[in-house]
Structures are given as C-alpha cells and as structure tokens.
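Chemist: here is the input, now give the coordinates:
(2 chains)
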Amino acid sequence: MSGVNLSGIVKAYGALQVVHGIDLNVAEKEFVVLVGPSGCGKSTTLRMIAGLEEITDGDLMIDGRRMNRVAPKDRDVAMVFQNYALYPHLNVAENMAFGLRIRKMPKDQIKTTIDDVAEILGLTPYLDRRPADLSGGQRQRVAMGRAIVRHPKVFLFDEPLSNLDAKLRTQMRAEIKRLHNRLGVTSVYVTHDQVEAMTLADRIVVMNDGRIEQIGTPMELFNNPANTFVAGFLGSPPMNQMKGVLTETGAKIGNTELRLHGAINGHQGRDVIVGVRPEHVTLAESEGTTALPINLDLVEPLGSEALLHAHHGEDNLVFKADTNGDINHLYGVGTVHVPAHLIKLFDAETGRALNLGA
Amino acid sequence: MMNWNLYSRGDKIFAIVVSILIGMFTIATLYPFIYIAAVSFSSGFAAQAGKVVLTPINFTLEAYGYILKDPQFWISYRNTFIYTIGGTLMSLAFIIPGAYALSRPQLKGRRFFNLFVAFTMWFNAGLIPFFLNMRDLGLLDSMFGIILAFAVNAFNIILLRNFFEAIPQSFEEAARMDGANDFQVLWKVFVPLSKPAIATITLFCIVSRWNGFFWAMVLLQSEEKIPLQVFLRHTISNLSDDDEFAIVQTAAGFSAETVTAAIIVCSIIPVLIVYPFIQKYFEKGILLGGVKE
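Modeler: Sure thing, here's the model as predicted:
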C-alpha cells in the first residue's frame, strides 16, 4: 500500500525547533490536507516528505519503506510547487517530459504518456508553448501534468492555488478533486485556505505552531473542533467564541444565560468559552433556543445571505442570516436565537473542547 | 519624438551636455580605430611623415601584402585562435561548475570558499612568484600552460554565481524531484536559464584571451608558439631598428608604421565579426547585478 506514515517527525534548524514531533498516517488513495496559519510548519512537513528538507528526528515511511535518508528522486513522490517552478526554457511538452527523460523512458513511450496526460488536463493545444505564454490556470495544469506523468506513489501539493485569482482557484480546486477521484493517488496537500481544506480533503490535519491540533474529516472538524484554535480556524466566518461561566442549566455570558443541551454534571462555576457557529443561529425563536441579545454594528450582504457583525458585551460576533432577497429587515435585529444542542463549550484555560455529558 | 516643450531649462541643458559628452566619448573611442585603419592603407612615406589624419593617403595594400606573406604571421594568428578557443572553453569548464557550487546554500563552508575566491581578486602572488610557479610546474614555453594558467577568473565566477543565486530555488527542487542529480540540475536547468550571463562571460574570456599579450610574452619563448599580439610586438621592435628594412620599405611603399597598423587591423577583424552575434547577450549581461527575480 502506498500510504505515508509520519511518526515523531521533528524539524529543527540549529536550536530552533519548528516541527515538534508529528504523528500522521495517510492511507493509500487518501487525500489529506495540512492546513494552518503561516509559519505553522505545514510546508516544512510537506518538504520533509518530499525529501527537500532533512528530517531532524522521527521516522518517515512511504509505502512501508523508511525514507529519512532516501534522495527525493528515489522516493517516488511528485510535487506541485506554489510558484509552479516550470522550466522557462522548455515548452509544455518538454516540461512534462523532463523527469521522464532523466529517468530514461523510451521516446515513444514518453510521447504517449505526455499526450494522454495533456488530454486529461486539456493541455493538448498548448504543448508547444513556453510557460511564459500560458495563463495562470494553464501553468497550474502543466505543473500538475508534470507530476502526473510520472505515475508517482504520492502527490505533494504545496499551496498550488495561492497564485490564482479567486474564480480560477474555485475552478482548479474542482479539477484537482476530479483528478484525484480519477487517478486515486495518495495526496498530501498544504494550504492556509480553510475553504480549500474543507472542499478537497478526505481528512484535514489542522496545524499550529509546529504541532497537530486535530485530525479528522472536514465535517468532524467542523462539527466537533477539538479546541478553540480549530474552532476559530475552520468555517467561514469562524466560530464565535464568548467568555462565560457554567451555571445549573447553562452558560452565563454577561447578563445572558444560554441554555445548554444535556447535563452540567457538577461543573457549575467553571470558566468556559462558549462557541456558536455563525450559521447556527436563527432570527426567529423556536424550541430549544435561547435568545442572545446583540448590538448590531454592520450588515454585509452576500446575496442570498448576509453577515451580521455585532457585539455582546466585549465579545465581537458574526452571524449569518438569510436575506430572502432583501436586507432591510436585518438592520433592526437586536436578538439572535441560539439552539442549545449546537453550542460548543471549551475550557477557558486550555482551550480544549468540553464534553460535559460524557 | 522628443517634445522639447515638456522639458525644463535644466533638463534641456542636461540633455545637451550629455549629448556632447557622449559625442566626445564616441569620437575618442572610434578615432584610434579609424586612424589605424587609415594608416594601414597609406603609403609608408605618408605614414612616416605624419600626414595621415582620417583617410588613407596614397592608398596602397603593400603593408598587408608584406605581413600576409610572412609565415610567422599565420602561425601566430593560428596560435591566437588556439589560445582563445581553448582558453575560453577551459575557463567555462572551471567557471560554470565553480559558480554553481558557490551559489548553492547546501555547500559546506560556502562563506569561506566565496571569500577565498573573492580574495584572489584583490590580492595575488604577483609577477615573479607566478612566473616561478609556472616554471616549477614545467609550464614555461608551453601552449597548454597558457591555456591552463588563466582558466579561472574570480570576477567571472562571482558574476555567474550571482546570476545562479537569483534563479528561484524551486527550479532546483523541481528538477531534483524529477530525478535530476547535481550535474543534471546544472546542465539542464541552470545553464539554459543563464544564457545571457554565460554569453557575457564567454565574451569576456574571448576578448581577454584574444588580446592576451603580457603573459604570453613572459612565458613563451618559441616563435612557433607566440600569439598574434606578441608577434605584433616583435614586428614593431624589429622594424623600428632595422636599417635594411628601412631601405626595402622605401622602395616597396610601406613602413614600420603601416605594417604595424595592418597587423592591428587583422587582429581586430575576428572580434568585429563575433561581437554583433553576442552583443544582445552582452548588453543583458552588463545589467546582471540589477536583475531580481
């Protein structure tokens, strides 16, 4: 099986340790996205898998073989770079053929492979062009083509869409997903864009400060973030976090008490962070919701929905509301209704998710 | 077209001064060449009398006839080609890999080696130690010695190293992922991407080899090994105090001056032929320091 296994992977530059012992198993054919803010160590981790950075400590296994001391070319992995790194002096076909020529593949076989991949990626009309004569999206495709032609065991993507404009990014994202479904090659993808992470990943690995915060499917991470960092990182806009104290029946935030789902189990008086997803609140009261009075600051219409920027006490909050074609009715909003079963609680000190019912 | 009305008084004065300076510089550069060419086509008498200013006086090809008949001229011409081509290839063979190595962050002791190379630009052994060194290596009066002795030039290495350093790291990484080893990264990626820099260095090497005079004179004794520049020097010194030649020349219509000028013209021609072809690279190469990714 062509999985990738990282156990206790550490990266240090001299005394400065930037990745602190990462454990991760990427199953065969799985699409795993490493996501996190700049400097969280995600690209470094990817580059260690590629062999472009030395591994300070820990074990890297690809396809069951230890790769710590194996040269990049012998790891059978292909990488798509952020700036594409297409050779400017070679045309599209030569760019894709570069690795095959070095590996001494017979010429006719190279041609067949290139033609096949060009067909898949819609690059056939551009094979004679130099990278400088291609659009951003086409360059991106060539970079992927160069990776695909080698039929590697693992694809590595280092923020491949970050140089594209928003529209093209959405398109290419879908193309990458389709391609993965078609080729089924184990993939590790690095991005700082949580939308890319959510849409592409079989599993997401959220990283922060050289550590893994949480690993799980996009919906697992969205619904049950392990801590306030993950809660604040995934989702657009991210989860609202308010300081509160647990009471007999709920959580008190300022003067408002939000009713909670399930038992408090003797945790009364504990300081918590109360998490509410922007899209979980409603404007109308219904069963199982608590009213949360807010001071509305701003309404941002997005079309079918609008973002309500508000504050409650010292906490700045953002909620989503349907516009139904008109935003005028949103300017008068003074209360939102929070469903008890969708409220998340985190320990105020550690930031870890609390599951009081369990 | 330049619209003078858009320029302030100061700008106009500046433009005029600059134009005058460029004009003077052009004349200063071009005139010696025109003068030498004119002398080479003039009669010996006119040249000796100092009558030649801009155009040939009493046009004649006698001076050319004289040197083209001299077998030593052809031998030294051939030698100059050997030293130029061999020396340039030898230089590139050292400079390109050297610059690549010095440009790589993974080179252990990179700072030291870079300093080491740069050091030779400011300080070197000097004439006598260098001569003794060549003598002890058995490279005196050796054609190979001339080719080898000046193969490595610190300035050219640093020029190319800077160019290599400006090439984004990801090209090297992509090539490595594609399976390339160091040599393939250099040869298939860095060298093609550095054509302007390499062309510039090639031109520097060609010109310095072609004009190489001093060390060839010091290190070579055999007539059959000397390059054109040394032959020129021999001719000048032979002709100027050769009474017999003075008699012959008056009869034949050439003089030491016209023969010297003819040799110079002959030695310039190949450079004039080559330069237009590499000029576009040369201009780019001059700007190397200012180019960022």
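Chemist: residue ranges with poor pLDDT in the chain?
Modeler: Picking chain A for this. Applying pLDDT under 70 to chain A picks out residues A:1, A:263, A:357-358.
Chemist: not what I meant, chain B
Modeler: Across chain B (using pLDDT under 70), the flagged ranges come out as B:1-2, B:240-252, B:282-293.
Chemist: so how far is A:A201 from A:K42?
Modeler: Using CB to CB, to the nearest Å, one obtains 13 Å as the distance from A:K42 to A:A201. From N, CA and C alone the C-beta is placed, and that goes for glycine too.
Chemist: more crowded one of the two?
Modeler: More crowded of A:K42 and A:A201, by other CB atoms under 10 Å in any protein chain shown: A:K42, with 29 against 23.
Chemist: who are the neighbours in contact with the closest residue to that one other than its chain neighbours?
Modeler: Nearest in space to A:K42, with sequence neighbours left out and distances taken as CB to CB, 6 or more residues apart in numbering or on different chains, is A:L34 at 4.1 Å. Shown in contact with A:L34 (CB atoms under 8 Å, 6 or more residues apart in numbering or on different chains): A:K42, A:T45, A:L46, A:V188, A:Y189, A:V190, A:T191, A:V205, A:M207.
Chemist: neighbours around whichever residue of chain A sits closest to chain B, how many?
Modeler: For chain A, the nearest residue to chain B under the criterion CB to the nearest CB is A:G99, separated by 3.3 Å. By other CB under 10 Å, 23 other residues sit near A:G99.
Chemist: show me what the helix or strand where it lies is packed up against.
Modeler: Taking DSSP states H and E as the criterion, A:G99 maps to helix A:92-102. With contacts defined as 3 or more CB pairs under 8 Å, 6 or more residues apart in numbering or on different chains; DSSP states H and E, helix A:92-102 has these neighbours: helix A:107-121, helix A:136-148.
Chemist: now do the buried residues in the shortest one.
Modeler: Judged by neighbour count (16 or more other CB atoms under 10 Å in any protein chain shown), helix A:136-148 contains these buried residues: A:G137, A:Q138, A:R139, A:Q140, A:R141, A:V142, A:A143, A:M144, A:G145, A:R146, A:A147, A:I148.
Chemist: neighbouring strands - and their directions - for the next helix or strand after it?
Modeler: As assigned by DSSP H and E, the chain's next helix or strand after helix A:136-148 is strand A:154-158. Under the criterion DSSP bridges, strand A:154-158 sits next to strand A:77-80 (parallel), strand A:186-191 (parallel) in its sheet.
Chemist: near chain A, which residues of chain B are found?
Modeler: B:168, B:170-171, B:173-181, B:184, B:188-189, B:192-193 (CB under 8 Å from any CB of the partner chain).
Chemist: now restrict these to buried residues only.
Modeler: In these, the ones that pass as buried (16+ other CB under 10 Å) are B:170-171, B:173-180, B:184, B:188-189, B:193.
Chemist: before we move on, back to that, buried residues in the helix holding A:G99, which are they?
Modeler: Under 16+ other CB under 10 Å, the buried positions of helix A:92-102 are A:V92, A:A93, A:N95, A:M96, A:A97, A:F98, A:G99, A:L100, A:R101, A:I102.
Chemist: what is the most widely separated pair among these?
Modeler: Greatest spatial distance among those (CB to CB): A:V92 and A:I102, at 17.3 Å.
Chemist: near chain B, which residues of the stretch 51-200 of chain A?
Modeler: Counting by CB under 8 Å from any CB, the stretch 51-200 of chain A sits next to chain B at A:51-52, A:71-73, A:77-79, A:81-83, A:85-89, A:98-99, A:102-103, A:146, A:150.
Chemist: rewinding a little: could you dump the buried residues of helix A:136-148 into a markdown table with distance to A:P237 added?
Modeler: Formatted as a markdown table, the buried residues of helix A:136-148 follow (distance: CB to CB, whole Å):
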| residue | distance to A:P237 |
| --- | --- |
| A:G137 | 28 |
| A:Q138 | 33 |
| A:R139 | 32 |
| A:Q140 | 28 |
| A:R141 | 32 |
| A:V142 | 35 |
| A:A143 | 32 |
| A:M144 | 31 |
| A:G145 | 36 |
| A:R146 | 37 |
| A:A147 | 34 |
| A:I148 | 36 |
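Chemist: distance of A:L16 from A:G41?
Modeler: Where A:G41 is concerned, A:L16 sits at a distance of 12 Å (CB to CB).
Chemist: just the C-alpha atoms of stretch A:161-176, please, in CSV.
Modeler: Provided in CSV are the C-alpha atoms of stretch A:161-176 (Å, rounded to 0.1, in the frame of the first residue of the first chain):
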residue,chain,number,x,y,z
LEU,A,161,-3.7,27.5,-5.9
SER,A,162,-2.5,30.5,-4.0
ASN,A,163,-1.2,32.4,-7.0
LEU,A,164,-4.5,32.2,-8.9
ASP,A,165,-7.4,34.7,-8.7
ALA,A,166,-10.5,33.7,-6.7
LYS,A,167,-12.6,32.4,-9.7
LEU,A,168,-9.8,30.3,-11.2
ARG,A,169,-9.0,29.0,-7.8
THR,A,170,-12.5,27.6,-7.4
GLN,A,171,-12.3,26.0,-10.9
MET,A,172,-8.9,24.5,-10.3
ARG,A,173,-10.0,23.2,-6.9
ALA,A,174,-12.7,21.3,-8.5
GLU,A,175,-10.3,20.0,-11.1
ILE,A,176,-7.9,18.7,-8.5
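Chemist: from the chain's centre, how far out does that stretch sit?
Modeler: Stretch A:161-176 has its C-alpha centroid displaced from the chain centroid by 14 Å (CA atoms, centre = their mean, to the nearest Å).
Chemist: residues touching it, excluding its own?
Modeler: Under CB under 8 Å, 6+ apart, the answer for stretch A:161-176 is A:82-84, A:136-137, A:140-141, A:144, A:157, A:160, A:189, A:191-193, A:196, A:199-200.
Chemist: what do you get for stretch B:40-54?
Modeler: Identification of contacts with stretch B:40-54 by CB under 8 Å, 6+ apart yields B:34-35, B:38-39, B:56-64, B:249-250, B:252-255, B:257-258, B:261-262, B:264-265.
Chemist: tell me the buried residues within those residues.
Modeler: Here, 16+ other CB under 10 Å leaves B:38-39, B:56-57, B:60, B:62-64, B:249, B:252-255, B:257-258, B:261-262, B:264-265 buried among the contacts of stretch B:40-54.
Chemist: tell me the contacts of the residue of the stretch 151-293 of chain B found nearest chain A?
Modeler: Taking CB to the nearest CB, chain A has its nearest neighbour within the stretch 151-293 of chain B at B:D178, 3.3 Å off. By CB under 8 Å, 6+ apart, the residues touching B:D178 are A:K73, A:F98, A:G99, A:I102, A:R146, A:R150.
Chemist: okay if I get the residues you listed as a markdown table plus distance to A:R173?
Modeler: Below are these laid out as a markdown table (distance: CB to CB, whole Å):
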| residue | distance to A:R173 |
| --- | --- |
| A:K73 | 29 |
| A:F98 | 26 |
| A:G99 | 25 |
| A:I102 | 31 |
| A:R146 | 19 |
| A:R150 | 23 |
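Chemist: may I ask which two of those residues are separated the most?
Modeler: The largest separation in those, counting by CB to CB, is between A:K73 and A:R146 at 13.9 Å.
Chemist: can you give me the strands for chain B?
Modeler: Secondary structure of chain B, counting by DSSP state E: no strands present.
Chemist: give me the residue at the spatial middle of it.
Modeler: B:V207 (1.4 Å; CA atoms, centre = their mean).
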